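In: everything below, folded, please.
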Amino acid sequence: MKINSKYSTVLLATFMTLCMDFTMTFIMTAIMTGLNAEFPLRFAGGYAISFVVGFPTSLIVIPFVRKLVNKLTVE
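Out: You can find the predicted model right below:
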């Protein structure tokens, strides 16, 4: 199944946010609290919050970054 290209920004923001937030939340939770019995719960809570903040931020930032990259590159 293919998705219409008009949703490319939303798809990019979704996948980018999922990957980046997962990585950053995992690392920061491990650094701040350690890998102990409470880690999974703390990680899950932090990841949920970071996605709620990161996803809308990505939707706002991606169009501006695309324009900047287009101005800085040549085909």
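In: secondary structure element holding the residue nearest to the spatial centre of the chain?
Out: The structure's the chain has its C-alpha centroid closest to Thr17; by CA atoms, centre = their mean the separation is 1.5 Å. Following DSSP states H and E, the helix or strand that holds Thr17 is helix 8-33.
In: state the mean pLDDT of that helix.
Out: Taken as a whole, helix 8-33 carries a mean pLDDT of 95.
In: other SSEs contacting it?
Out: Packed against helix 8-33 by the contact rule (3 or more CB pairs under 8 Å, 6 or more residues apart in numbering; DSSP states H and E) you find helix 39-72. From N, CA and C alone the C-beta is placed, and that goes for glycine too.
In: buried stuff in the helix holding Thr17?
Out: Buried residues in helix 8-33, counted by 16 or more other CB atoms under 10 Å: 13, 17, 21, 25, 29.
In: and that helix with helix 39-72, angle?
Out: Orientation of helix 8-33 against helix 39-72 (axes from the mean of the first three to the mean of the last three CA atoms, to 10 degrees) gives an angle of 140 degrees.
In: what's next to stretch 17-35, contact-wise?
Out: Here stretch 17-35 makes contact (CB atoms under 8 Å, 6 or more residues apart in numbering) with 39, 42-43, 46-47, 50-51, 54-55, 58.
In: of these, closest to Leu72?
Out: Lowest distance from Leu72 to those (CB to CB) belongs to Ser58, with 19.9 Å.
In: what is the burial count for the closest one?
Out: 21 (other CB atoms under 10 Å).
In: quick check: buried residues in stretch 38-55?
Out: So for stretch 38-55, counting by 16+ other CB under 10 Å, buried means 42-43, 46-47, 50-51, 54-55.
In: how about the buried residues of helix 8-33 in JSON lines, adding distance to Leu68?
Out: Below are the buried residues of helix 8-33 laid out as JSON lines (distance: CB to CB, whole Å):
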{"residue": "Ala13", "distance to Leu68": "16"}
{"residue": "Thr17", "distance to Leu68": "19"}
{"residue": "Asp21", "distance to Leu68": "22"}
{"residue": "Thr25", "distance to Leu68": "27"}
{"residue": "Thr29", "distance to Leu68": "31"}
